[in-house]
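**Student:** please find the sequence and the predicted model below.
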Amino acid sequence: MRWSNYFLPTLKENPKDAEVVSHSLMLRSGMIKKAASGIYSILPLGWRSMKKLMNIVREELDRIGAVELIMPAIQPAELWMESGRWFKYGKELLRIKDRHERDFCFGPTHEEVITDILRDYIQSYKDLPVNLYQIQTKFRDEVRPRFGLIRQREFFMKDGYSFHSSEECLDRTYQDYYNAYRKIFERCRLEYTVVEADTGTIGGYQSHEFMVLAETGEDAIFFCPSCSYGANAEKAVSKLKEFIFDEKEKALEKVHTPQVHTVEEVSSFLGVPEEKIIKTMIYETEKAFYAVLIRGDRSINETKLKNFLDVQFLNLASEEKIERVTGGPMGFSGPLGLKGIEIFADHSIKNIKNAVVGANEKDYHYVNVNMGRDFNPSGWGDFQMVQRGDLCVNCNTPLQEYRGIEVGHIFKLGTKYSEPMKCLYIDEKGQKKPVIMGCYGLGIGRTLASAIEQSHDEKGIIWPLPLSPFSFIILSLNPEDKGVRELSDKIYQEMVQKGEEVFYDDREERAGVKFKDAELIGIPYQIIIGSKKAKENKVEIGIRKTGEKITMEVSEYYEKLKNIAL
RNA sequence: CGGGACGUAGCGCAGCCUGGUAGCGUACCUGAAUGGGGUUCAGGUGGUCGCGAGUUCAAAUCUCGCCGUCCCGACCA
């Protein structure tokens, strides 16, 4: 491909609305162009990289026996009503009406459509398993699209779905995808980790996230360096530092605590450590209000709480509602004397003796509160957010915290969709059963952006060879010099004939411009052809990653290049 | 959904406070020189100042509304 014949608008300056490096470099290297917030055109150079990644994905999925198909982006509302997600999915689901005022949505994911396909064709256990995938445009109306291709509203996703007649069979396919994903990310030369994850709106009962490690990552993950336990912040569990309170229970006492609201304030006002304070959080859900107790130095993990309470909506109650429910203002809630509201406690408060709690009354707290004697929660659970330094539940090693970009997510769905949508099969005994499903997502654009986040320098992108839009770039430094032009043309022709993916900068630009652009777009290997060296029948090979330049005879460039590029 | 900021040439910005019909850099076009790291000089093209109302003799500038874009937050009792 000749640059003069290509469409590659590079930018010298940093676009002002690009905040993260992958976004900025993709814009500058002419890979993408924004159409609207979170919505991008993929320009030729970007599309080449994207196709590279898609093909890696295809190869690895084909290898595990998954079969590619393509489903519609526009999906009828009826299917979403059947699964129950038309109402549950929320505002992220882009709903549209056709000319007959019929409801549709632009698919954020395809569980409904694929289940609808399968239920009509699956009859017997003999038809199972089925393992299908597609690479297709998704739309999620994100509240806050950001970071270029990392959080888009319209994006390419590889989504796979598998159907089984037994758990064991699902387990095998799940493992196949797990391994295939590992291979994909390894082939992309990404530094990543796999963590246990919450299943969110997709549902199901087991899931793993593939996280590319990056400081700009939106998700926090915890990882045990010793036993390699890993989980994202929503799912992570840990052992807390235990505090032993071997004191006697003292008499309950109400104390005046004017203007003392937060744990921090209570701690310093009363001179008690935060570990002896029990925080009482009032949550509002679609079912009821709940009081949730947790140790003063810990934070509530709302995802865990949501799962525990089995609710769709969960929000901290507003000031007025707290007053209505507890009788006291915000900042003074406590478990004592609460009426008409269930109290759930996190395990972290179990051993606290002579604790401090709010008195549900302005400017008052109780001290020397003891669980069992003074109050009893109606249930116990793990509601806490893991914090740095907490210990691994398996091996007691302090957990490490990283930031990551979620590039892949696999789920065991079970019968969450097959049951309501009646995707049934007949088993060996002639009984009708819902199909057992798994689903497997991989973000294409996001993976590409992650690769740039992990591999760049101040000059531009440094593509790992498997994702690079081209493997080689010929820099013809003085194309008006006949010798240079002829040699450049010759080398270009040769490489094309050998089937190499080579980009030829034949533009009438100065050398500096070509070097800068080549570095910006990050092609791993440069073939540099200039007047002086060309006269001596020599060329240079430049390596983007190291900046190294190696001079050699024209006759040996190809062999050497192939050796280096291995 | 809340808070903040921005919107002026393809891109990056100034001008706005203190109203008088637009400027810088870069890119682009022409010419010349240069020719291995965004070169230099000369000349030139390009903007209904996001949109709409209002105030005014006069609005990029002041006022109001809308639209768009980006950032931060989503939370600790």
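**Tutor:** The structure has been received and is ready for your questions.
**Student:** what's the nearest residue in the stretch 151-300 of chain A when you look at RNA strand B?
**Tutor:** Nearest residue of the stretch 151-300 of chain A to RNA strand B (C-beta to the nearest atom of the strand) works out as residue A:262 at 3.1 Å. Every C-beta, even on glycine, is put in place using the N, C-alpha and C of the backbone.
**Student:** contacts for stretch A:114-125?
**Tutor:** A:71, A:79, A:83, A:127-128, A:130, A:132, A:161, A:163, A:165, A:417-418, A:421-428, A:435, A:437 (C-beta atoms under 8 Å, 6 or more residues apart in numbering).
**Student:** quick check on those residues: which are buried?
**Tutor:** Applying 16 or more other C-beta atoms under 10 Å to those, the neighbour count classes A:71, A:79, A:83, A:128, A:130, A:132, A:161, A:163, A:165, A:417-418, A:421, A:423-426, A:435, A:437 as buried.
**Student:** run through the bridge partners of the most centrally placed residue in chain A.
**Tutor:** Centroid-nearest residue in chain A, with C-alpha atoms, centre = their mean: residue A:406, separated by 1.9 Å. Per DSSP bridges, the residues bridged to residue A:406 are residue A:211.
**Student:** how close does it sit to RNA strand B?
**Tutor:** Distance check for residue A:406 against RNA strand B: by C-beta to the nearest atom of the strand, to the nearest Å, it reads 16 Å.
**Student:** how about that residue, what does it touch?
**Tutor:** A:209, A:210, A:211, A:218, A:219, A:232, A:443, A:446.
**Student:** beta partners for the fifth one?
**Tutor:** The reference is to residue A:219. Under the criterion used here (DSSP bridges), residue A:219 is bridged to residue A:404.
**Student:** how much space separates it from residue A:463?
**Tutor:** For residue A:219, the distance to residue A:463 (C-beta to C-beta, to the nearest Å) stands at 25 Å.
**Student:** looking at the two, which one has more neighbours?
**Tutor:** Comparing residue A:219 with residue A:463 by other C-beta atoms under 10 Å, the one with more neighbours is residue A:463, at 26 against 16.
**Student:** which single residue in the stretch 1-150 of chain A comes nearest to RNA strand B?
**Tutor:** For the stretch 1-150 of chain A, C-beta to the nearest atom of the strand, closest residue to RNA strand B: residue A:37, 3.1 Å.
**Student:** where does the stretch 351-500 of chain A have low pLDDT?
**Tutor:** Along the stretch 351-500 of chain A, no part satisfies pLDDT under 70.
**Student:** interface residues of it facing RNA strand B?
**Tutor:** Taking C-beta under 7 Å from any atom of the strand, the part of the stretch 351-500 of chain A that reaches RNA strand B is made up of A:358, A:385, A:459, A:477, A:478, A:480.
**Student:** what sits against the fourth one?
**Tutor:** Spelled out, that is residue A:477. Taking C-beta under 8 Å, 6+ apart, one finds A:484, A:511, A:514, A:528, A:529, A:530, A:531 in contact with residue A:477.
**Student:** SS state for residue A:321?
**Tutor:** Secondary structure for residue A:321, judged by DSSP: H, G, I helix; E, B strand; the rest coil, is helix.
**Student:** for it, what are its contacts?
**Tutor:** By C-beta under 8 Å, 6+ apart, the neighbours of residue A:321 are A:282, A:284, A:289.
**Student:** ok, back up a step: for the residue of the stretch 1-150 of chain A closest to RNA strand B, which non-adjacent residue is spatially closest?
**Tutor:** residue A:145 (5.2 Å; C-beta to C-beta, 6 or more residues apart in numbering).
**Student:** what comes up buried for the helix or strand containing residue A:56?
**Tutor:** For residue A:56, the host element (DSSP states H and E) is helix A:44-63. Neighbour counts over helix A:44-63 (16+ other C-beta under 10 Å) mark A:45-46, A:48-50, A:52-54, A:56-58, A:60-61 as buried.
**Student:** near RNA strand B too, which of the contacts of residue A:321?
**Tutor:** With C-beta under 7 Å from any atom of the strand as the criterion, the members of those in contact with RNA strand B are residue A:282.
**Student:** one step back: number of residues surrounding the residue of the stretch 151-300 of chain A closest to RNA strand B?
**Tutor:** Counted with other C-beta under 10 Å, residues neighbouring residue A:262 total 12.
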